[in-house]
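In: got a predicted model here, sequence first, then my questions.
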Amino acid sequence: MSECCETGKTSQGKANATGKFNSIARHNQRPCFFVNAATTNQAIFSAFFNSLLGKVLVPINSEPVDLDRDGDLDVVAGSRAETRILWFENLGDMQFARHDIEVSGLPSDARLTGFNMDYADIDSDGRLDIIATAWPGYLVWLRQPVEPDSVWQSHKIGAFDADQLVSVRLADIDGDGDLDAFAGGYSRGPRDNDGADIGVDDPLGRIAWFENPGIAPHEQWIRHDISRRKRGMYDKWLARDLDSDGDLDMVGTRGNSFPFDGVIWIEQVRTNDAQAVFKQARDVDSAQMPLPSNH
Ligand SMILES: [Ca+2]
Ligand SMILES: [Ca+2]
Ligand SMILES: [Ca+2]
Ligand SMILES: [Ca+2]
């Protein structure tokens, strides 16, 4: 729509049924749209200005986060085609400086694209770290160095083996005071049926969480599998105690599984007695599957 809205440049307009004045203006040959609150003389509509932060091939994610902890929001981004993550340092006055994040220690077949990331100071050294998905199936912790332009060391948190791990959310799942990682996978078979030839070693839709080992977070985190089915693209999670019973539940999205796609919540249930780790909401759903043979 418009890249310019400046009151006082109105060239045409008419009052609507509420008595408020909707105007379309043209300023410097660029159309502007704004609403004037005639009764209160207070603006009720804000303009949006588009500024270019940087240019990458196939940008796949960008998130505001104070990565250098200097009190202002920077922007962390990922490029799928360039297989890199980067951040735009907030210099003040809405000026930003691009920094590519150089990472070492990734598994040899890992592709770090920044598709999903979360942020926390995992090792309590005062510097914010990044937890990232790395295709095909890795979850990695990237330790921020003293100088963020130096190399970030990668530590493998865990993996989904045959499955494509695509989502992560940090949350204290077990309530022991440290942040765990909740993750989801992306089934790669047919999206509208289970596929008769889809087997246990194909990339399927998995949900699991990784338990933070506490004082030694550089060690591999224990994976707790929740669900694995033929179809499901679980690519976003939020942690909230939805039922207010004192433990964190997860709100997520599910795709690639027509007609079962949608928004879901997974209730955490704690009991002293052993029970199944997952109970599905529907009687009929995509088939549950065992773990792959190389799990
Ligand atoms: Ca900052
Ligand atoms: Ca840190
Ligand atoms: Ca925990
Ligand atoms: Ca709960």
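Out: Nice, I can see it. Just so we're clear, the structure is a prediction, and the values are computed from it rather than from any experiment. Ligands and ions are numbered 1, 2, ... in the order given.

In: how about S227, what does it touch?
Out: G205, R206, I207, F278, Q280, Q288 (CB atoms under 8 Å, 6 or more residues apart in numbering). (Glycine included, C-beta is placed from N, CA and C.)

In: ignoring the adjacent residues along the chain, who's closest to K156?
Out: V140 (5.7 Å; CB to CB, 6 or more residues apart in numbering).

In: residues from the stretch 51-200 of the chain in reach of ligand 2?
Out: Contacts of the stretch 51-200 of the chain with ligand 2, taken as CB under 5 Å from the ion, map to D121, D123, D125, R127, D129.

In: what is the nearest of the residues you listed to P190?
Out: D129 (37.6 Å; CB to CB).

In: since we're on that closest one, how many residues are nearby?
Out: Close neighbours of D129, defined as other CB atoms under 10 Å, add up to 22.

In: make 7 the first number, not 1, from now on.
Out: All set: I'll call the first residue 7, so the last point we hit is now D135.

In: I figured it hits R149, correct?
Out: Yes - counting by CB atoms under 8 Å, D135 does reach R149; the two are 5.4 Å apart.

In: re the thing from before, ChimeraX command to pick out the buried ones of the residues of the stretch 57-206 of the chain next to ligand 2?
Out: Only the buried entries of these go into this ChimeraX selection, using 16 or more other CB atoms under 10 Å:
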select :129,133,135
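
In: what's the closest of the residues of the stretch 57-206 of the chain next to ligand 2 to ligand 4?
Out: Nearest to ligand 4 among these: D127, at 25.6 Å, using CB to the ion.

In: how about that closest one: what's its closest non-neighbour residue?
Out: Distances taken as CB to CB, 6+ apart put L134 closest to D127, at 5.5 Å, once the chain neighbours are dropped.

In: for D267, same thing?
Out: In this structure, D267 finds its nearest non-sequential neighbour in G261, 5.0 Å apart by CB to CB, 6+ apart.

In: now the common contact residues for D135 and R149.
Out: By CB under 8 Å, 6+ apart, the residues touching both D135 and R149 are I128, D129.

In: interface residues of the stretch 157-301 of the chain facing ligand 3?
Out: D178, D180, D182, D184, D186.

In: generate a PyMOL selection restricted to the buried subset of the contacts of S233.
Out: A single PyMOL command selects the buried members of the contacts of S233 (16+ other CB under 10 Å):
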select buried, resi 211+212+213
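
In: closest to ligand 3 out of the contacts of S233?
Out: Distance to ligand 3 across these (CB to the ion) is lowest for I213, with 17.2 Å.

In: parallel or antiparallel, which strands does the helix or strand hosting the closest one pair with?
Out: According to DSSP states H and E, I213 maps onto strand 211-217. Using DSSP bridges, the strands paired with strand 211-217 in its sheet are strand 186-192 (antiparallel), strand 228-235 (antiparallel).

In: and those as CSV, adding distance to P219 and mean pLDDT?
Out: Compiled in CSV, the strands paired with strand 211-217 are given as follows (distance: least, CB to CB, whole Å; pLDDT from 0 to 100):
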stretch, distance to P219, mean pLDDT
strand 186-192, 10, 97
strand 228-235, 7, 97
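
In: now those as CSV including distance to ligand 1?
Out: Shown next, in CSV, are the strands paired with strand 211-217 (distance: least, CB to the ion, whole Å):
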stretch, distance to ligand 1
strand 186-192, 24
strand 228-235, 33
